[in-house]
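Asker: Build me a model from this:
(one chain, ligands or ions: 1)
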Amino acid sequence: LMQLFRPLDLLGWVYRTIRQGLVDMAEMFKLMDTDVEVRDAPDAPALAVNEPHVTFDNVTFEYEDGRTILNGLSFEVPAGSSLAIVGPSGAGKSTIGRLLFRFYDPQGGRILIDGQDIASVQQDSVRAAIGIVPQDSVLFNDTLRYNIAYGAENAGEEQVTQGAKDAALMPLIERLPDGFDTTVGERGLKLSGGEKQRVAIARTLVKNPPILLLDEATSALDTRTEREILGTLKRLEEGRTTIAIAHRLSTVADADRILVLDSGELAESGTHGELLSQNGLYAEMWAQQAAEQSEESETA
Ligand code: ATP
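Answerer: Model prediction:
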């Protein structure tokens, strides 16, 4: 009976993980031995990134026939700038991340990185250019070193150590008798949400991608840990093009631009200040969140 249940468990886990974030989905598809949704043309060139400028040009997407999720969405993220995407649940925020990582190709429009349509270059080269810090990082049952170096096959000892330092993981690693050789994950040392997040950040620092995709990067953390992690994330964002899919508005206020998505369409966009003065959906969400927070602090 256990043998019957295992694949179902695995499927459930894969489904939950895919829904929750974007971590290592290509790896999971391999694990499941299923076909990935997109295929490269036989002669597709590799993406070449000089200026990591990201463009969504009139993108239309549906997961299944007849249910439009993104409806002619256009936006630009200049190289080195940050964009935060907010909007009600189900608006299509995570879908934007999945399309950028090319888990699916859009049915209409184009997604460009540095002027190249990501549908016509090798998907591996697209994924190599993007670092993901998901909301709930999944660690492999392997050493900390392996988990940090994952995705950057050529990373040496020095880069791993530097990544761990910049992600503020050293206090933890120095406490462990086996240091970087400590096994973590389900069958090893269990890390806290904040520690897992730091491993994901260290991994991304070592991978050193020109583009960052942050998927609700701080949702699983308490306020103090969140504040600490935000500082580390800032370091990660320096010099990279960042797209943050955000739930909590407090974490997006200093993005260069905020895009407010509603039912797969662009409702508003601008800086935090601009959006507040527009008195639209963003201002409403901001007021609602502020009210919830003050309620929380009253009952705490
Ligand atoms: P939330 O803030 O709740 O995470 P979101 O804005 O990120 O929401 P998406 O995850 O992009 O929303 O989902 C947009 C819509 O697409 C939702 O209605 C969702 O049910 C649907 N959807 C998401 N993934 C799939 C899928 N694999 N197959 C079919 N429909 C999907």
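
Asker: Spell out which residues of the stretch 201-300 of the chain are next to the ligand.
Answerer: H247 (C-beta under 6 Å from any ligand atom). Glycine gets a C-beta too; all of them are placed from N, C-alpha and C.

Asker: Mind jotting down where the helices sit in the stretch 201-300 of the chain?
Answerer: Under the criterion DSSP state H, counting those that start in this stretch, the stretch 201-300 of the chain contains helices at 223-237, 272-278, 281-299.

Asker: Which strands or helices does the shortest one pack on?
Answerer: Helix 272-278 sits against strand 257-262, strand 265-270, helix 281-299, with contacts defined as 3 or more C-beta pairs under 8 Å, 6 or more residues apart in numbering; DSSP states H and E.

Asker: same question for it, mean pLDDT?
Answerer: For helix 272-278, mean pLDDT rounds to 95.

Asker: Please put the alpha-carbon coordinates of it into PDB.
Answerer: Taking Å, rounded to 0.1, in the frame of the first residue of the first chain, the C-alpha atoms of helix 272-278 are listed here in PDB:
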ATOM      1  CA  HIS A 272       4.500  54.300  -3.800                       C
ATOM      2  CA  GLY A 273       3.900  58.000  -3.400                       C
ATOM      3  CA  GLU A 274       2.300  58.400  -6.800                       C
ATOM      4  CA  LEU A 275       0.000  55.400  -6.200                       C
ATOM      5  CA  LEU A 276      -1.100  56.700  -2.800                       C
ATOM      6  CA  SER A 277      -2.100  60.100  -4.300                       C
ATOM      7  CA  GLN A 278      -4.100  58.400  -7.100                       C
END
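
Asker: Which parts of it count as buried, going by neighbours?
Answerer: Within helix 272-278, the residues that count as buried by 16 or more other C-beta atoms under 10 Å are 272, 275.

Asker: who touches that helix?
Answerer: With contacts defined as C-beta atoms under 8 Å, 6 or more residues apart in numbering, helix 272-278 is touched by 252-255, 258, 260, 268-270, 282-283, 286.

Asker: Enumerate every residue touching V126.
Answerer: The contact partners of V126, by C-beta under 8 Å, 6+ apart, come to 47, 101-102, 113, 118.

Asker: let's see 7 Å
Answerer: 47, 102, 113, 118 (C-beta atoms under 7 Å, 6 or more residues apart in numbering).

Asker: Nearest to the ligand, out of those: which one, please.
Answerer: The ligand has its nearest neighbour among those in R102, at 14.7 Å by C-beta to the nearest ligand atom.

Asker: Is there a neighbour count for that closest one? I'd like the number.
Answerer: Residue neighbour count, defined by other C-beta atoms under 10 Å, stands at 26 for R102.

Asker: pLDDT wise, what is it at?
Answerer: So R102 comes in at 91 (pLDDT).

Asker: Helix, strand, or coil at it?
Answerer: What DSSP: H, G, I helix; E, B strand; the rest coil gives for R102 is coil.

Asker: Break down this protein into its strands, ranges please.
Answerer: 54-61, 70-77, 82-86, 108-113, 116-117, 130-133, 142-143, 183-184, 211-215, 241-245, 257-262, 265-270 (DSSP state E).

Asker: Let me know which of these is the nearest to L205.
Answerer: Of all the strands of the chain, it is strand 130-133 that lies closest to L205, at 8.3 Å by C-beta to C-beta.

Asker: That closest one pairs with which strands?
Answerer: strand 211-215 (parallel) (DSSP bridges).

Asker: how far off strand 241-245 does the strand it pairs with point, in degrees?
Answerer: Per axes from the mean of the first three to the mean of the last three C-alpha atoms, to 10 degrees, the angle that strand 211-215 makes with strand 241-245 is 10 degrees.
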